Every structure is written in C-alpha cells, then in structure tokens.
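Novice: 3D model of this:
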Amino acid sequence: MLPPVCSGDAGDPFRPPRQRVIVATVCISRRRGPPDSGLIAPPVGPNVRRRLRVWLTGSGNRLSLRFLVGYAVALGMFGGLLEALYRTMRQVVTTRPASGYYPEVLWMGPVSAALVYGTLALVLGCLIRLVGQRIDVGRATFLFTLPTALALFRSPDIALYPIAEVLASFGIAMALGRAAAARAAGIERLIPRMTAVAGGLAVLLVATGASQLPKLRERRALAALPAAHPGAFNVLVIILDTVRAANLGLHGYDRPTSPNLDRWAATGVAFDHAIATAPWTLPSHATMFTGHYNLVTGTGIDRPLDGRLTTLADVLGGSGYATAAFVGNPGYTTRASGLHRGFARYEDFPVTPGMFMRTAWLARQVTRRLTAYTGLFRWDVPKRAERVTDEFESWLVTRPERPFFVFLNYYDAHGPYDAPPPYRGRFGPPLEEELLADEPHSAEELESSVNAYDSCIAYIDDQLARVFELLSTNGLSENTLVVVTSDHGEMFGENGQVAHTSGLYMPALHVPLAMSLPGVLPAGVRVAGNVTLRDLPATILDVLDASADSPIPGESLARHWNGELPTVNASPLLSELDHYDWAPDWTPIHRGDMQSLVEGRLHYIRNGDGVEELYDAVADPAEANDLSRVAEMGPAMLRLRTRLDSVLGQLVGAQTPY
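Specialist: So this is what the prediction gives:
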C-alpha cells in the first residue's frame, strides 16, 4: 500500500519493524583543505550571516546563476536516476508486493528531481546574488549530491540509525564536494554539456513514460486481441476489500450499512455462506483470479503472483474481451502484486502531478511541506472508493467496442476505517486511532472501531449504487454479469483478535457473495450451503459458456441454482494462512502455517504447532466455544483431520514448484 510512498498500507500487519544497526565507522575529514579545495572551514567570527556567506561562496571557481541552475539540474537528473534504479533493483530482488513500487518511478524520479534541484538552485543563486556573491563548485556539488545520498541511505533495506544515515550522507557529499573543488575549472567547462545531456535524458524519459501510460498500453494490448464472440456477455467483478458478511444487511445485520447492495442482490443469486481461501488480500485475490489455492499459487508477503498460472483475465482476454482493472488497495493489488497479469488496462497508483512531484526523495520532502501549507500536490493514497468509481466511469464512456471484463477493488473498509464526511460518525463515535494487533483493547475501543468500520461500508455501498446506475444508463445492465464479493473479513475482538491476519477464525473468512445477470441467472435466490471463492472464476466462465477446455480449475457454483448435485471432485472449503515472523506471540499464526476446513456446520482449524480447534460455525458464528475437546466430537475431529491431510497431499502433488 502497502505507501508509504503507496507502501501498501502503513497499518498493514505484514510490514516488519525496521531493524537498525550502528554504523561501524563514518569517516568525515575535519582537516582544513588546501586553498583551492573550496571546502576551507569558515572563519570564526561574530557575524553568523557573514560566516554562512563565506561558506557558501568559498574561494574556488564561482558559478554564474545560469551555470548553477544547469549544474543543479544535471546533478538532480543523474541523482534521481540513481535513486530510481536502486528502487527498481530492490523491487526486482525482493519482489515485495506491498513495497509501494510503481514502474513510473524510472521516468518520474529523475525528471522530478531535476525540476526541484533546478528550482532550489535558482532560489539559492538569487539570494546569494542579492549580497553580490556567487557559490563555488565545491559547495554546489556538496549541496546537490547530499539529497541523493540521504535518499539511498534512508531506504527501508539499508538498516541504519538516523544519525548514521545523516553522517554517512554528509561524509559522501563532502568527499564529492572536495573532489569537485579540486577540478573546478574542468567541471565548469563541462556544465553546458552536462545540462544538455540532462535535458536530452529528460525528454527521452518523459517520452518513454508517456508511451507506457495506461491508455496507450491498453490500445497496444487490444490491437493484438482476436475478435470476440458476437453477443458475449460483459463481466464486472467488484471486490469489497475487508468487508465481512456479518456487517451487511444482506446477512441480517441490524444497521443499514448496505441498502444498495441488499436491493441489487435480490435481482440475482446471493450466497449465505461464502468462505474466502485466505484471510488477507493477495492470496485470496490470486485464488479468485486463477482458481488455485495458495499452496499452489505460492503468493506471500514477499512473493507476488507469478506467470506460471493462467488467470481469468488471460482467458477472457484471449477470447477477445477488453480487460481493465481499477484498484484501491495500495499494498497488495498493485502491479507489484502480479494481479495485473492479463489486464490490458490496470490502474493502481494514480499518475497525477502530486505523484510525479513525490517520486524522488528531495522532491517528496519539498512537496510535503508545500502541501501542508498550500494544499498543492496532494496525492491521496490509498485511493478513495469515489476515485475508483470515477476511473471506471471514465473508462466506460470510451470503452472499446468489445465485451469487457472489469475488476474493481474498493479499499475503504480496511483499517484505519477512515470514512470521508459525511459518512464518518454515521453509526456512533468513530475510532480516533487504528487498533493494533499487538495490544489488548477495551470494549469501548472495539465498539468505536465497529462504528468507524460500518461507516466505511456505508460509503462503499453508495459507490456501488453509482456503479449499478452507470451500467443502467449505458444500457449494460441486461448483458453484464455482475459479481460482488470480498477478499476476506475482519475481526473485532472475536477470540481476542483484531484485524484479519492473526488466524483463521470465521469472522475473517465469511464474506458476501452475490451475482446477477438478468435472463440468465434466476432472481431472488438465496443459497444456504457453504461455497468457496476458489470456485468463482470457474463459475464466471460457466455462465459465459466459456468453460470448455479452460485451464482454470474449480467447479461452477451454477449447480446451486440449477439443482445439480456436486461432483466427487467438489472443491474443498480450504483456507490457508502462512506464518510471518513479526506476528505477536499470543496470536495463532505466531505458531506457524495454518489451515482450516469447513464441512457442513463444522469449522476445523489446525495451527502451526499441531494444536487443533473445532467450532460450530452456524450456532457459534463468533467461534467462542472450542469443541475440539468434547468427547462426542471425536469422530468428527478424526474425519476432518484425515480430510485436511488428503486435501493438502493432493495439492502438494499437483502444484508447480515456485
């Protein structure tokens, strides 16, 4: 999110604490340099302004205002390029989905750094000229290489104490300044060429970046597609990130959080007990796109969805569909997550002036302060649901003349549950600060957290009304399969847990699922049985009559409204959660990888240390009463234990190594 420069979400529980180490040595020479070094220590005197002026102007080759600005632009361009290349290399090596990385950094970073460096040099040069002075080459080099050094040393993957970051950066910048001062005459002669090279590089980078803008990428991708089947239905999949079933009117909630969703669901098929395959975003989305459980997809906090498996977007794109996605989750649905595979158009981080100005480190520091005082250069991350809907609306108006598959991700119900006005506080006093998973919480804190969460759901519900209206006004309601679901739920004190990544309890797995296609799917149908989101892509392809020879596994849920019986290979209701090192030691996931299996009323959980739990998910939806030690449940425990071992064994035997 993920944020962050878009680091995925600052409150994301998968972000590890930053471990810092002391720098063993930072050598900064304090010796007085030679007369022409340009770094002679300023004379001690009573006039501070005079000392600053003497330090800035030095005694070496002094730059004209034009040369100073050109030199700063060149240093900014090359420094920004170095920073962008480092960030890209770090992403290639670490493959962290929630790193907040976006490919545009490769052209935005150098250009934004050059602009900011040049602007600051112009201001600095004018101020110095007011006192009849000029800055020398050594000082200019120091001032305009220091930000690049700080940017690199402050990278999340270089673990230093803040004082060590500053000292190391100053040491490098001073060394470069001394070297430049010793070659001042030669550098001054090179400045026009450096400026020209920087300008040419800026033009090349901007042109390259412009060619990769979403609209142009989409145009190239669509040109390579085959013709679609005449009369093919459109598909719209809407994922309400972190929205659990229990807090929706569709599932009997007593607060009016989802009136628009409730009304729309009555036009199609709604599932009472849909189970997510994982309690967090990336593996759940990966399953809904590929039909494979996470043991096969292999996604994780440092493993994006790779290219081994065919996605729903791949299949529909290959059938001539225009594929597009507009996502709000800044951590685990960006292009770095791999979920963009198969989409001709994929919009995650908005390419805006604010994003451009915040790409390079120095530009980010300057624009943050400008934003605080002037309101300029705002870049709202994560994206509000309203922006996601706006992007979809803009695309819909100019959509290609093809059937489409569109994926929307609304993120606003994810912590910190910050609903915009006038939704904030709609259901009572909202939580002022996000609940952390590593500390206990009072009943009042949990209540205010639910208030804030419900307000966010109400906000998203109004955006759903906009989407349904857009389909209607564009004449698409009758030929578009619309699916609304969630990737996972949320916990508010059940089993002592909050958020959604600490265990496999049902509040984090039970999600809404409804779909509608007038004339094809029946209206007003409620499916009472358990279903898994693993079967969602197979269901979509079946409804489109495109499931023949599909490489996507799973069994269509159409059997629930067609009256068909499940096959012997019906998808198990399996959920998985991989261990992560920084989980609080009192949470279940701290003990290792977890799996759970739902069968009928029973929900069986196996913890990483082998401890088992069993709940009646119908009579006890909060799963407060563990039945695993009840003698009468012994046969059920044995059956579920054996069934889980069999399911995992089959998946291990079928998976492609990653």
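Novice: wait, isn't residue 318 in contact with residue 227?
Specialist: No - using C-beta atoms under 8 Å, residue 318 is not in contact with residue 227, being 11.7 Å away. (C-beta placed from N, C-alpha, C; glycine too.)
Novice: between those two, who's got more neighbours?
Specialist: Taking neighbours as other C-beta atoms under 10 Å, residue 318 and residue 227 compare with residue 318 leading, 14 against 8.
Novice: could you tell me how many residues sit around the residue nearest to that one when sequence neighbours are not counted?
Specialist: Excluding its sequence neighbours, the residue lying closest to residue 318 (C-beta to C-beta, 6 or more residues apart in numbering) is residue 226, at 7.3 Å. Residue neighbour count, defined by other C-beta under 10 Å, stands at 9 for residue 226.
Novice: now for residue 226: which residues touch it?
Specialist: Shown in contact with residue 226 (C-beta atoms under 8 Å, 6 or more residues apart in numbering): 318, 319, 320.
Novice: again, but for residue 183
Specialist: If you count contacts by C-beta under 8 Å, 6+ apart, residue 183 has none.
Novice: which intervals of the stretch 301-450 of the chain have sub-threshold pLDDT?
Specialist: 377-382, 432-440 (pLDDT under 70).
Novice: the helices in it, which residues?
Specialist: Counting by DSSP state H, counting those that start in this stretch, the stretch 301-450 of the chain has helices at residues 312-318, 353-357, 361-374, 385-397, 443-473.
Novice: between these, which gets nearest to residue 543?
Specialist: Nearest of the helices of the stretch 301-450 of the chain to residue 543, taken as C-beta to C-beta: helix 312-318 at 12.1 Å.
Novice: show me what the closest one is in contact with.
Specialist: The contact list for helix 312-318, computed with C-beta under 8 Å, 6+ apart, reads 221, 225-226, 235, 288-290, 323, 325, 341-344, 405, 407, 537, 540-541, 544, 546, 550-552.
Novice: chain center to it: distance?
Specialist: In terms of C-alpha atoms, centre = their mean, to the nearest Å, the centre of helix 312-318 is found 23 Å from the chain centre.
Novice: just to revisit the earlier point, let's have the contacts of residue 226 in TSV, adding distance to residue 254.
Specialist: Putting these into TSV (distance: C-beta to C-beta, whole Å) gives the following:
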residue	distance to residue 254
318	46
319	44
320	46
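Novice: contacts only, for the nearest residue to residue 256 once chain neighbours are set aside.
Specialist: Distances taken as C-beta to C-beta, 6+ apart place residue 249 nearest to residue 256, at 6.4 Å, with adjacent residues excluded. Contacts were defined as C-beta under 8 Å, 6+ apart; by that measure residue 249 touches 255, 256, 257, 258, 259, 261, 262.
Novice: and the two most separated of the residues you listed?
Specialist: The most widely separated members of the contacts of residue 249, counting by C-beta to C-beta, are 255 and 261 (13.1 Å).
Novice: between the two, which is the more surrounded one?
Specialist: A direct count of neighbours by other C-beta under 10 Å for residue 255 and residue 261 places residue 261 higher, at 25 against 17.
Novice: residue 484 falls within a helix, correct?
Specialist: No - going by DSSP: H, G, I helix; E, B strand; the rest coil, the assignment for residue 484 is strand, not a helix.
Novice: where's the residue nearest to it when sequence neighbours are not counted relative to residue 557, distance?
Specialist: Excluding the flanking residues, the one nearest residue 484 by C-beta to C-beta, 6+ apart is residue 238, at 4.8 Å. Separation of residue 238 from residue 557 (C-beta to C-beta, to the nearest Å): 17 Å.
Novice: comparing those two, which residue is more hemmed in?
Specialist: Applying other C-beta under 10 Å to residue 238 and residue 557 shows that residue 557 carries more neighbours, namely 27 against 23.
Novice: surely the more buried one touches residue 273?
Specialist: No - taking contacts as C-beta under 8 Å, residue 557 lies outside contact range of residue 273: 12.0 Å.
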